[in-house]
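> Pasted the sequence and its predicted model underneath.
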Amino acid sequence: MLGNLFYKSEEDRLCQKYSELMSQSFRVALNNKDKSDKIRARAKKILIQLKKMNCKKIDKSL
């Protein structure tokens with residue numbers, strides 16, 4: 001019963017992961033542009049997945 005309270009949809013998890021990666025990319029960019037670009041590429045792949053899922057949260061939060 002408690003499992004339902006803490007369940008996140010795949011869209012929510014991907015949106016959260018995308019936000020975390022973008023934040024990390026920004027922090028790393030101050031010191032290492034190459035590493036930042038790699039992190040941003042991972043975030044872009046997640047964004048493409050979200051677009052394929054027709055995620056409505058993309059336009060609002062991302």
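Nice, I can see it.

> gap between stretch 15-27 and the chain center?
Distance of stretch 15-27 from its chain centroid, counting by C-alpha atoms, centre = their mean, to the nearest Å, is 6 Å.

> CA-only coordinates of that stretch in CSV, if you can.
Coordinates of each C-alpha in stretch 15-27 appear next as CSV, following Å, rounded to 0.1, in the frame of the first residue of the first chain:
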residue,chain,number,x,y,z
CYS,A,15,12.3,14.6,-16.2
GLN,A,16,14.1,14.5,-12.8
LYS,A,17,17.2,12.8,-14.4
TYR,A,18,17.2,15.4,-17.2
SER,A,19,17.1,18.3,-14.7
GLU,A,20,19.9,16.7,-12.6
LEU,A,21,22.1,16.2,-15.7
MET,A,22,21.6,19.7,-16.9
SER,A,23,22.4,21.2,-13.5
GLN,A,24,25.5,19.0,-13.3
SER,A,25,26.5,20.0,-16.8
PHE,A,26,26.3,23.7,-15.8
ARG,A,27,28.4,23.2,-12.7
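
> in it, what counts as buried?
Within stretch 15-27, the residues scored as buried using 16 or more other C-beta atoms under 10 Å are 15, 18, 21, 22, 24, 25. Placement of C-beta: from N, CA and C, glycine included.

> all helices of this structure, in order?
2-5, 10-29, 33-52, 57-61 (DSSP state H).

> Give me the local confidence score for the residue positioned nearest the centre of the chain.
The residue lying closest to the centre of the chain (C-alpha atoms, centre = their mean) is residue 18, at 0.8 Å. Each residue has a pLDDT score; the one for residue 18 is 92.

> Also the one 3 residues further on?
According to the prediction, residue 21 has pLDDT 95.

> same check, this time on residue 1
pLDDT, residue 1: 47.
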